[in-house]
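*Asks:* all I have is the shape, not the residue letters:
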């Protein structure tokens, strides 16, 4: 697999809609496109990672394939898409065993895996048939259309004002990138912190934007106007508090707005709450904490010198190494009547999301019935 660059003109379209990292949550994409009133007058860019880490990878992939039959829809390759394709093209017994093992774990974590979904559709069972000789050859034959679709996805889409790529670019000299190994462009971790700037807007996914802020758990797109970079991965499927983002702009990138969708119940706040003056964020890629005190429901920990309380069930590990993943002690600013997304409740306190930002709400609230939403 080599870097493939697609040229496209977005000038004819009224709006440009951009999403990434759907990760098997096609129903959230459908919800966002309906909310945005997506039509043939718009262009839709899907910046990779359509599969895995969600409940419906095969359905999501086929939904995107159906969308891509329209000339105004532009899907791209993601690192997970390439990774899964590459593994399914490797028939060694060792690789098959590793893929089946991962797929079993994925089904425990996310409820599904694309290999498991493929096998189920063929009437196969992962436990019974996971070691079947020639299994991947069978899957490639039965799902040739789906695998060909992934195989032919571009790495980069260049338009009049934009460069779309899943992970990031080292520079804008695309001729030097064409035909090279795509892996570094698809899995380009922590892209915003590499000090790069571009003439055209570079829109990427891959790295959940919540990892960029050490203080707040913020899941909305990060727009670096001076450097012409936009990072849009809302952590859908990767994080329990994540969301799927849909950025809306025009062909020139003159203005940006966004919509988001997540599978969380909503609550209506009855009490006012001021935001906390200071806050701290413990991300999943830097989880090690020092335990100060363990109570019945809460633990006091130190993370990079900052002391905070966390729910006891977030404390993982043992005396050799304690860890906490994806949590902030930020108190949300809330007014009576505000609608918040409820992530979880602990000790009578709600951990919520408001305007893409996660935090605690300690006031009174009521869950909103679906028909009210």
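*Replies:* Cool, the structure landed. Every value quoted in this text rests on a predicted model; they were computed, and no experiment measured them.
*Asks:* tell me where the stretch 101-250 of the chain has strands.
*Replies:* Remark: strands assigned in the stretch 101-250 of the chain by DSSP state E, counting those that start in this stretch are 156-158, 162-165, 201-204, 217-218, 222-224, 229-231, 244-249.
*Asks:* worst mean pLDDT among those?
*Replies:* In terms of mean pLDDT, the lowest-scoring of those is strand 217-218 (a mean of 92).
*Asks:* that one: partners in the sheet, and parallel or antiparallel?
*Replies:* Paired neighbours of strand 217-218 in the sheet (DSSP bridges): strand 357-361 (antiparallel).
*Asks:* which secondary structure elements does the helix or strand following the partner strand contact?
*Replies:* On the C-terminal side of strand 357-361, the nearest following helix or strand under DSSP states H and E is strand 365-367. Applying 3 or more CB pairs under 8 Å, 6 or more residues apart in numbering; DSSP states H and E, one finds that strand 365-367 contacts strand 266-269. The C-beta positions use only the backbone N, C-alpha and C, and glycine is treated the same way.
*Asks:* buried ones in the strand it packs on?
*Replies:* Applying a neighbour-count criterion of 16 or more other CB atoms under 10 Å, one finds 266, 267, 269 buried in strand 266-269.
*Asks:* again with stretch 267-284
*Replies:* Residues of stretch 267-284 classed as buried by neighbour count (16+ other CB under 10 Å): 267, 269, 273, 276, 279, 280, 281, 282, 283, 284.
*Asks:* look up how far residue 348 lies from the second one.
*Replies:* Meaning residue 269. 14 Å (CB to CB, to the nearest Å).
*Asks:* contact partners for residue 329?
*Replies:* Shown in contact with residue 329 (CB atoms under 8 Å, 6 or more residues apart in numbering): 276, 279, 280, 308, 309, 310, 360.
*Asks:* do that again at 10 Å, thanks
*Replies:* By CB atoms under 10 Å, 6 or more residues apart in numbering, the contact set of residue 329 is 215, 276, 278-282, 303, 306-310, 359-360.
*Asks:* pick out the most distant pair among these.
*Replies:* Spatial extent of the contacts of residue 329 (CB to CB) is set by the pair 307 and 359 at 17.4 Å.
*Asks:* for residue 170, what are phi and psi?
*Replies:* Torsion angles at residue 170 (phi, psi; degrees, to the nearest 10) stand at phi -80, psi -20.
*Asks:* any idea how many residues pack against it?
*Replies:* Applying other CB atoms under 10 Å, we find 12 residues neighbouring residue 170.
*Asks:* please apply the same query to the one 5 residues further on.
*Replies:* In terms of burial, residue 175 registers 7 neighbours under the definition other CB under 10 Å.
*Asks:* that one contacts residue 158, doesn't it?
*Replies:* No - look at residue 175 against residue 158 with CB atoms under 10 Å: they stay out of range, at 11.1 Å.
*Asks:* what's the overlap in contacts for these two?
*Replies:* Common contact partners of residue 175 and residue 158 (CB under 10 Å, 6+ apart): residue 5.
*Asks:* give me the helices and strands touching the longest helix along the chain, please.
*Replies:* Ranked by residue count, the top helix of the chain under DSSP state H comes out as helix 93-110. Packing partners of helix 93-110 (3 or more CB pairs under 10 Å, 6 or more residues apart in numbering; DSSP states H and E): helix 79-88, helix 114-121, helix 126-129, helix 135-142.
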